[in-house]
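A.B. asks: Structure, please.
(chains A and B)
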Amino acid sequence: MADSNTEIKTLGESLRQRGVSRRGFLKFCTATASMMALPPAMVPAIAEALEKARRPSVIWLSFQECTGCTESLTRAHAPTIENLIFDHISLDYHHTLQAASGEGAEAAREAAIHENFGKYLVVVDGSIPLKDPGFSTIAGISNLDMLKETVAGAAAVIAVGSCAAFGGLPHANPNPTGAVSVSEIIKDKPVVNVSGCPPIPTVISGVLAHFLTFGGLPELDDLGRPKVFYGQSIHDRCYRRPFYDKGLFAETFDDEGARKGWCLYRMGCKGPMTYNACATTKWNQGTSWPVESGHGCLGCSEPDFWDGGGFYNAISIPDGDIARNIGLGAVAGVAVGAAAGMLNRNAKADAAARHETVTVDDLEKTS
Amino acid sequence: MNSPIDFLLWVKGPAFDIALAVFVIGIVVRLLEIVLLGRKQDLAEPKGGEFGPGLRTIVTRTLPEAGSFKQSPFTVIGGYIWHIGFLICLLFFVPHIELLHSVLGIKWPGLSSHIVDAVAVVTMVTLVAMLIDRITHSVKRFLSGPEDYLVWLAAFLPIVTGYLAYHRMLTPYPLVLGIHILSIEFLMVIFPFTKLMHTFTFPLARWYNGAMAGRRGVQS
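C.D. replies: Numbering: from 1, shown residues only, chains lettered A, B, ... in the order given. Predicted structure coming up:
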């Protein structure tokens, strides 16, 4: 994967060398176009652009992360064109995957920066600790320093995974390391957030394909995510949505509703608040996805999903013991109401006692 | 409170507990105050029963009197539409039933989200029309005080924020859901201290009217 970038090849040449047929390549272009919601007329343009695309240099930085994102991208079951795209890019630095280590690895990073200054892509997975630079270092360099130094000459930054995009698990309350996302540090370069824990491999390759095809980044949503993949909520595209609309819910993981594939909302599914492509793209070459396997969505592509009040609590239902609180409130209300009632009665009795009756004689006396 | 999730958790957690306490204690206190105050003993000889006419009036007053309907049909029809629409959204939207189920332990069939969606639109349009009527009608405007506008807002906000949340017209979702729940908490907090109390006091008032008339042997 981590070839040197001295031997410059186009993507077309590279794919042909690896035995990918023209037909297979065009199929990939068509799939990419439809995935990115582009009209079919764009397919030849995509094919042509990808055919001629030069190997972009990519520097992959891993900070406070679990390597799950890299696992997601590299553990494809069979060689796919997505994989070949990854093989095609010149992944000049990725400390999990590269063979080099120590000073040699860092030298590769510095060489890539200098040789491709202003043109290379930086992919980041993991969050950056700000509380103490010593919490996470690579070759004695703090994550913050390495990010700033590497991004200085980058064309764009792709924050892969929810840690890099939003802080993720390290950022979870109480955030002991002071973890922040890439976009909180990098303000002067385009940053694309490819969130998810981990993100869908096709989404990453789609963003890369977009960069290779158009030389720029796709349209982003409010959270900096490509709209083509994060434009619709899981809930809106979920095949179990008709059960939600009909009010048919699984109550436990093994009841009749669960066996019949009813909606998982009551079991804490975060589909309504989560924007991702799982419901349409699915995982493992379209095999399945969490809701299809019978578990609610965790909302992993949304900021602070770890702190969302429990994976198995329905999002709209308040956290407290409402029935108990109503009972307590009613008891307190009766006590206060009875006291207020007594005070009112006393006031009434007092007024009645102080009431002076006036007779006709009294009236005549005063007049 | 740095993120929309924190906001949602605060709204669902401490804020909801506070609103619920104010709501429940306030309602119980006000109802007890009314009931405990009692009525002055009527020493006159009763000419009829109290109980039957009282109960009957609770039901019969649901229909508008012919005279008031003729005078202001818009108020009557608009009032019906939005009250019924509000109750449909509150009681027959599936996530609301799920919430009430978790509290009360009972559940009932919900309506399709699309029907509730349409009802919500009708309810919002009616509420806006009624507000415009209240402002433009010189008599209604004269009779309206700040509380009337506050209560209108408290009834309108849950529907409009619920609509925004359902259609995700405001993002991120935890924020708009939090705003929706907060709008209901606002309604709950002002509930016992405003004319919203009519939700609970109307049977008392109607029963008293009917019972009083029944005792005197007249039609209520």
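A.B. asks: The stretch 51-200 of chain A: strands as residue ranges?
C.D. replies: With DSSP state E, counting those that start in this stretch, the ranges of strands along the stretch 51-200 of chain A come out as A:57-62, A:90-94, A:120-125, A:128-129, A:137-138, A:141-142, A:154-160, A:179-180, A:191-194.
A.B. asks: Sheet partners, orientation included, of the last one?
C.D. replies: Take DSSP bridges as the rule and strand A:191-194 pairs in its sheet with strand A:154-160 (parallel).
A.B. asks: which residues are contacting the strand it pairs with?
C.D. replies: The contact list for strand A:154-160, computed with Cβ atoms under 8 Å, 6 or more residues apart in numbering or on different chains, reads A:59, A:69, A:73, A:118-125, A:151, A:165, A:181-183, A:186, A:189-195, A:199, A:204, A:207-208, A:211, A:217, A:224. (Glycine included, C-beta is placed from N, CA and C.)
A.B. asks: What is the distance between that strand and the centre of its chain?
C.D. replies: Its chain's C-alpha centre and that of strand A:154-160 lie 16 Å apart, by Cα atoms, centre = their mean, to the nearest Å.
A.B. asks: what does stretch B:75-85 give?
C.D. replies: 12 Å.
A.B. asks: cool, and stretch A:176-192?
C.D. replies: Remark: stretch A:176-192 is offset 14 Å from the chain centroid, using Cα atoms, centre = their mean.
A.B. asks: Give the residue spans of chain B that score low on pLDDT.
C.D. replies: B:1-2 (pLDDT under 70).
A.B. asks: Dump the strands of the stretch 51-200 of chain A into JSON lines; add mean pLDDT as well.
C.D. replies: Output for the strands of the stretch 51-200 of chain A, formatted as JSON lines (pLDDT from 0 to 100):
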{"stretch": "strand A:57-62", "mean pLDDT": "89"}
{"stretch": "strand A:90-94", "mean pLDDT": "79"}
{"stretch": "strand A:120-125", "mean pLDDT": "91"}
{"stretch": "strand A:128-129", "mean pLDDT": "96"}
{"stretch": "strand A:137-138", "mean pLDDT": "90"}
{"stretch": "strand A:141-142", "mean pLDDT": "92"}
{"stretch": "strand A:154-160", "mean pLDDT": "93"}
{"stretch": "strand A:179-180", "mean pLDDT": "95"}
{"stretch": "strand A:191-194", "mean pLDDT": "94"}
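A.B. asks: List the residues that contact residue 196.
C.D. replies: All of this refers to chain A. Shown in contact with A:G196 (Cβ under 8 Å, 6+ apart): A:G161, A:S162, A:V203, A:N276, A:C300, A:S301.
A.B. asks: Actually, chain B is the one I wanted.
C.D. replies: B:V151, B:A154, B:L187, B:I190.
A.B. asks: Wait, a strand at the third one?
C.D. replies: What it means is B:L187. No. B:L187 is assigned helix when assessed by DSSP: H, G, I helix; E, B strand; the rest coil, not a strand.
A.B. asks: what's around it, how many residues?
C.D. replies: Using other Cβ atoms under 10 Å in any protein chain shown, B:L187 is surrounded by 20 other residues.
A.B. asks: Not counting its neighbours along the chain, what's nearest it?
C.D. replies: Excluding its sequence neighbours, the residue lying closest to B:L187 (Cβ to Cβ, 6 or more residues apart in numbering or on different chains) is B:A154, at 4.5 Å.
A.B. asks: tell me the SS of the residue lying farthest from the centre of chain B?
C.D. replies: No residue in chain B sits farther from the centre than B:E45, which is 38.5 Å out by Cα atoms, centre = their mean. Under three-state DSSP, B:E45 falls in the coil class.
A.B. asks: right, and A:G310 touches A:G296 too?
C.D. replies: No. A:G310 is not in contact with A:G296 according to Cβ atoms under 8 Å; the separation is 11.2 Å.
A.B. asks: Can you pick out the residue with more neighbours from the two?
C.D. replies: Counted by other Cβ under 10 Å, A:G310 and A:G296 do not tie: A:G296 has more neighbours, with 24 against 10.
A.B. asks: so who does the more buried one touch?
C.D. replies: A:G296 neighbours (Cβ under 8 Å, 6+ apart): A:L264, A:Y265, A:M267, A:G268, A:C269, A:K270, A:G271, A:P290, A:F311, A:Y312.
A.B. asks: about what we covered before: so what sits against both of A:G310 and A:G296?
C.D. replies: Common neighbours of A:G310 and A:G296 (Cβ under 8 Å, 6+ apart) are A:G268.
A.B. asks: distance between the lengthiest helix in chain A and the chain's centre?
C.D. replies: Counting by DSSP state H, the longest helix found in chain A is helix A:322-354. Centroid separation between helix A:322-354 and its chain, computed with Cα atoms, centre = their mean, is 52 Å.
A.B. asks: average model confidence for that helix?
C.D. replies: Averaged across helix A:322-354, pLDDT comes to 89.
A.B. asks: what helix or strand does residue 24 sit in?
C.D. replies: All of this refers to chain A. Per DSSP states H and E, A:G24 falls inside helix A:22-35.
A.B. asks: Switch to chain B, please.
C.D. replies: Using DSSP H and E, B:V24 falls in helix B:16-37.
A.B. asks: Do that helix and chain A come into contact?
C.D. replies: Yes. Counting by Cβ under 8 Å from any Cβ of the partner chain, chain A has neighbours in helix B:16-37: B:16-17, B:20-21, B:23-33, B:35-37.
A.B. asks: Run through the neighbouring helices and strands of that helix.
C.D. replies: Secondary-structure packing of helix B:16-37 (3 or more Cβ pairs under 8 Å, 6 or more residues apart in numbering or on different chains; DSSP states H and E): helix A:322-354, helix B:173-190, helix B:198-216.
A.B. asks: Just the C-alpha atoms of that helix, please, in PDB.
C.D. replies: Extracted in PDB, the C-alpha atoms of helix B:16-37 (Å, rounded to 0.1, in the frame of the first residue of the first chain):
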ATOM      1  CA  PHE B  16     -38.300  17.900  32.700                       C
ATOM      2  CA  ASP B  17     -38.300  16.900  36.400                       C
ATOM      3  CA  ILE B  18     -38.700  20.500  37.400                       C
ATOM      4  CA  ALA B  19     -41.500  21.200  34.900                       C
ATOM      5  CA  LEU B  20     -43.300  18.000  36.000                       C
ATOM      6  CA  ALA B  21     -43.000  19.000  39.600                       C
ATOM      7  CA  VAL B  22     -44.400  22.500  39.000                       C
ATOM      8  CA  PHE B  23     -47.200  21.000  36.800                       C
ATOM      9  CA  VAL B  24     -48.300  18.200  39.200                       C
ATOM     10  CA  ILE B  25     -48.000  20.200  42.400                       C
ATOM     11  CA  GLY B  26     -49.600  23.300  40.800                       C
ATOM     12  CA  ILE B  27     -52.600  21.400  39.500                       C
ATOM     13  CA  VAL B  28     -53.300  19.500  42.700                       C
ATOM     14  CA  VAL B  29     -52.900  22.600  44.800                       C
ATOM     15  CA  ARG B  30     -55.300  24.600  42.700                       C
ATOM     16  CA  LEU B  31     -57.900  21.900  42.400                       C
ATOM     17  CA  LEU B  32     -57.800  21.300  46.200                       C
ATOM     18  CA  GLU B  33     -58.100  25.000  46.900                       C
ATOM     19  CA  ILE B  34     -61.200  25.200  44.800                       C
ATOM     20  CA  VAL B  35     -62.800  22.100  46.300                       C
ATOM     21  CA  LEU B  36     -61.800  22.800  49.900                       C
ATOM     22  CA  LEU B  37     -63.200  26.300  49.800                       C
END
